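Asker: The following comprises the amino acid sequence and a computationally predicted model.
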Amino acid sequence: MERKSPVFTVFVYVCALLLAVVILAPLAWLFVMSISPAADLAAKPLRWWPQAADFSRYAQLLSRAENSAGAAFTSSLRNSLEVAGMATLAAILLAVPAGWAVSRTPSVGWSLSLVIATYMLPPVALSVPLYMGLSYLGLLNTVFGLALIYLTILAPFTTWLMKSGFDSIPREIEAAAMIDGAGLLQTWRIITLPLAAPVVATSALFAVLLAWDEFFYALLFTSDQRAKTLTVAIADLAGGRVSDYGLIATAGVLAALPPVLIGLVMQRALISGLTSGGVKG
Amino acid sequence: MSGTWITARAWLLMLPLLAIMVAVIGWPLVDTVRLSFTDAQLVGTAGNYVGFDNYTKMLTSSNFTRTLITTTWFAAISVAAEMVLGVLAALLLNQEFRGRAVLRGLMILPWALPTVVNATLWRLIYNPEYGALNAALTQLHLIDDYRSWLGEPGTALAALIVADCWKNFPLVALIALAALQAVPRDITAAALVDGAGPFNRFRFVILPYLAGPLMVALVLRTIEAFKVFDIIWVMTRGGPANSTRSLSILVYQEAFSFQRAGSGASLALIVTLLVTVLAVAYAALVKKTAGSAA
């Protein structure tokens, strides 16, 4: 790698450009569609850049007028936020004590391995009894019921991340606090949790991303504006008889914005989380 | 403090998690097993015990065989392509060039894009009348007429695989890049001094560092690809003529569209078993790779 011929350098730049285009072109097109007038999108030959940028669809989707596309979209946005928020909070509350317990007492670790092994289960293997159970409890088509089901995905993942996080906090620090007379809860409050705060934040972000992305359970267990999430609303738009493709694209941009922003801002933490997962297995 | 007390305390701290997991995973799984031996409907009748009828019916149906083949194709090709493209992208991103940090940052975008948005985006790109792919290919004179990429059995699965790869190869690239950055510089330099060509340097110097992380990525991606539902549901719903129907979609249709909870449950368990066998075989492979790479 020390001797670099000019040919090689040119080759590297060409490949880099190609990779950038492959990554960006579909995303850029999603945005262009969202601001192109409907006539431009239906034109042949296709107009790749709008004559005049038209942001009206964003206003349309974010308006809350009765029975409009906006009403359906904003309610699904609210539902997605509520489900992701509730499920993430619950997952973290379960994961912190459990992750700490496994980290400090490896002899109970097998139960966490069992929980993590459920990752292999296809959601279809649980879906029929979950449907019947939610129906029995009157929780079908509720945000709360969906958040509860999302724990099947979020809780094992966050517990495992928290466990690796606690592993990197030396237990000697905790032991020192305990020798000085601090109880377990006090040790957690003063020592462990402040040190684990970054891991808690990363786990929570991962959980939000997972919940935001979920589609299968939401498709099965929600049926109208009271609980339908964004992913279901977008699938409805894409599969329905909407004639304005720009509107579908706009919904896509809005739904993608929060996770993409989280991804860009938290890049370093997310990548190290992903790769440590990839490396440790 | 005694060991028993510490263990008891650990179980106590895990209790909330374990209780919830039993409620939302353990019990449903057991109940799926029970249902799979009945002719229960999704709504209404509780169903009677029918022994292995559901299993024999499902395993011998041509739908199952065909769907298994489709799913295997989808998983094998998309995962293989994601691995190759991911490693190539990682090798590129490990070179020194201007704008490298920005390009590395961009790789997070497809990963962060929600699966359903990705599926919707590609569905729009493949649109038979107004899609960007048709427009681009005709304007470049590569095709004469607009085609229905998702509407023809011959191209639908390939079109899905492209969409899935675009979203997932960047993740493989990021994992591979992290592994590449762990390769000590003096080792690659030494191989260079010893006169190893680019291929041999990759094969004998770099690949051993990549093998472990890549195997794990391979396992996780294969399991996910085998369970695939979202992207196919949004783009084709398994069509046209069931040419893109995956196993998960078949279970969905059986249990929820036709409301046959019993046979749907048996099919779901067959899929679960297949994924488990795959995962166990892979795990053995990972252990072997990890052993030989160290």
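Answerer: Received the coordinates, thanks. Residues are numbered from 1 along each chain as shown, chains lettered A, B, ... in the order given.

Asker: What is the burial count for A:Leu41?
Answerer: 22 (other Cβ atoms under 10 Å in any protein chain shown). For every residue, glycine as well, the C-beta is placed using N, CA and C.

Asker: host element of it?
Answerer: Here A:Leu41 is covered by helix A:38-42, with elements defined by DSSP states H and E.

Asker: Quick check: A:Asp180 vs chain B, distance?
Answerer: To chain B, A:Asp180 is 15 Å away according to Cβ to the nearest Cβ, to the nearest Å.

Asker: how near is that residue to B:Trp11?
Answerer: 27 Å (Cβ to Cβ, to the nearest Å).

Asker: again, but for A:Arg241
Answerer: Taking Cβ to Cβ, one finds A:Arg241 at 55 Å from B:Trp11.

Asker: Out of the two, name the residue with the larger neighbour count.
Answerer: Legend: neighbour count by other Cβ under 10 Å for A:Arg241 and B:Trp11, higher for B:Trp11 (14 against 5).

Asker: contacting residues around the more buried one?
Answerer: A:101, A:108 (Cβ atoms under 8 Å, 6 or more residues apart in numbering or on different chains).

Asker: Which parts of chain A belong to which domain?
Answerer: A:1-54, A:63-280 (automatic domain parsing).

Asker: Kindly reformat those domains as JSON lines containing mean pLDDT and distance to B:Trp122.
Answerer: Formatted as JSON lines, the domains of chain A follow (pLDDT from 0 to 100; distance: least, Cβ to Cβ, whole Å):
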{"stretch": "domain A:1-54", "mean pLDDT": "89", "distance to B:Trp122": "7"}
{"stretch": "domain A:63-280", "mean pLDDT": "90", "distance to B:Trp122": "10"}
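
Asker: quick one: the helix holding A:Leu41 near chain B?
Answerer: Yes - using Cβ under 8 Å from any Cβ of the partner chain, helix A:38-42 reaches chain B at A:41-42.

Asker: CA-only coordinates of that helix, as CSV, when you get a sec.
Answerer: Presented in CSV, the C-alpha positions along helix A:38-42 are these (Å, rounded to 0.1, in the frame of the first residue of the first chain):
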residue,chain,number,x,y,z
ALA,A,38,-47.3,15.2,-10.4
ALA,A,39,-47.2,16.1,-14.1
ASP,A,40,-43.3,15.9,-14.1
LEU,A,41,-43.4,12.4,-12.5
ALA,A,42,-45.8,11.1,-15.2
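
Asker: Check which element follows that helix along the chain.
Answerer: helix A:56-62.

Asker: For that following helix, the averaged confidence score.
Answerer: Per-region confidence: helix A:56-62 scores 90 on mean pLDDT.

Asker: which parts of it are buried?
Answerer: Neighbour-count burial for helix A:56-62 flags A:57, A:60-61 (criterion: 16 or more other Cβ atoms under 10 Å in any protein chain shown).

Asker: can you tell me the helix or strand for B:Gly44?
Answerer: With DSSP H and E as criterion, B:Gly44 is part of no helix or strand.

Asker: neighbours of it, just the number please.
Answerer: By other Cβ under 10 Å, neighbour count at B:Gly44 equals 9.

Asker: Next, give phi and psi for it.
Answerer: phi 90, psi -120 (degrees, to the nearest 10).

Asker: any idea how far it is from A:Leu134?
Answerer: 16 Å.

Asker: for B:Glu96, phi and psi?
Answerer: phi -100, psi 120.

Asker: now it: how far from B:Leu103?
Answerer: Distance from B:Glu96 to B:Leu103, by Cβ to Cβ: 12 Å.

Asker: So these two - more neighbours on which side?
Answerer: Set side by side, B:Glu96 and B:Leu103 show more neighbours around B:Leu103, with 19 against 9, by other Cβ under 10 Å.

Asker: Near chain B, which residues of the stretch 51-200 of chain A are found?
Answerer: So far as Cβ under 8 Å from any Cβ goes, the stretch 51-200 of chain A lies against chain B at A:93-95, A:97-98, A:100-102, A:104-105, A:107-108, A:111-112, A:115, A:118-133, A:135, A:148-149, A:151-152, A:155-156, A:159, A:184.

Asker: Is it possible to mark the buried ones in the residues you listed?
Answerer: Neighbour-count burial (16+ other Cβ under 10 Å) applied to these gives A:94-95, A:97-98, A:100-102, A:104-105, A:108, A:111-112, A:115, A:118-133, A:148-149, A:151-152, A:155-156, A:159.

Asker: my guess is A:Pro26 meets B:Leu121, correct?
Answerer: Yes - applying Cβ atoms under 8 Å, one finds A:Pro26 in contact with B:Leu121, separated by 5.9 Å.

Asker: When these two are compared, which one has more neighbours?
Answerer: B:Leu121 (28 against 21).

Asker: Now that one: which helix or strand?
Answerer: helix B:115-125.

Asker: buried stuff in the helix or strand just after that helix?
Answerer: Next helix or strand after helix B:115-125 toward the C-terminus (DSSP H and E): helix B:132-139. By neighbour count with 16+ other Cβ under 10 Å, helix B:132-139 contains the buried residues B:132-138.

Asker: Are there helices or strands packed against the helix or strand following helix B:132-139, and which ones?
Answerer: Sequence-wise, the next helix or strand downstream of helix B:132-139 (DSSP H and E) is helix B:153-180. The contact analysis (3 or more Cβ pairs under 8 Å, 6 or more residues apart in numbering or on different chains; DSSP states H and E) places helix B:153-180 against helix A:6-35, helix A:267-280, helix B:62-93, helix B:108-112, helix B:115-125, helix B:207-226, helix B:230-235.

Asker: and of the ones you listed, who's closest to A:Ser80?
Answerer: Evaluated over the helices and strands packed on helix B:153-180, closeness to A:Ser80 peaks at helix B:115-125, with 11.1 Å, by Cβ to Cβ.

Asker: does chain A sit close to the closest one?
Answerer: Yes - Helix B:115-125 reaches chain A (Cβ under 8 Å from any Cβ) through B:115-117, B:119-125.

Asker: relative orientation of that helix and helix B:132-139 in degrees?
Answerer: 30 degrees (axes from the mean of the first three to the mean of the last three Cα atoms, to 10 degrees).

Asker: now helix B:115-125: mean pLDDT?
Answerer: pLDDT averaged over helix B:115-125 gives 96.

Asker: Which elements pack onto that helix?
Answerer: helix A:6-35, helix A:230-239, helix A:245-265, helix B:132-139, helix B:153-180, helix B:230-235.

Asker: buried residues in the longest one?
Answerer: Of all the residues in helix A:6-35, those buried under the rule 16+ other Cβ under 10 Å are A:12, A:15-16, A:19, A:22-23, A:26-27, A:29-30, A:32-35.

Asker: near chain B too, which of these?
Answerer: Among these, the residues lying close to chain B (Cβ under 8 Å from any Cβ) are A:12, A:15-16, A:19, A:22-23, A:26-27, A:29-30, A:33.

Asker: tell me which of those residues is nearest to B:Ser62?
Answerer: Closest to B:Ser62, out of all of these and judged by Cβ to Cβ, is A:Pro26, at 36.2 Å.

Asker: Next one: B:Glu129 relative to chain A, how far apart?
Answerer: Distance of B:Glu129 to chain A, computed by Cβ to the nearest Cβ: 8 Å.
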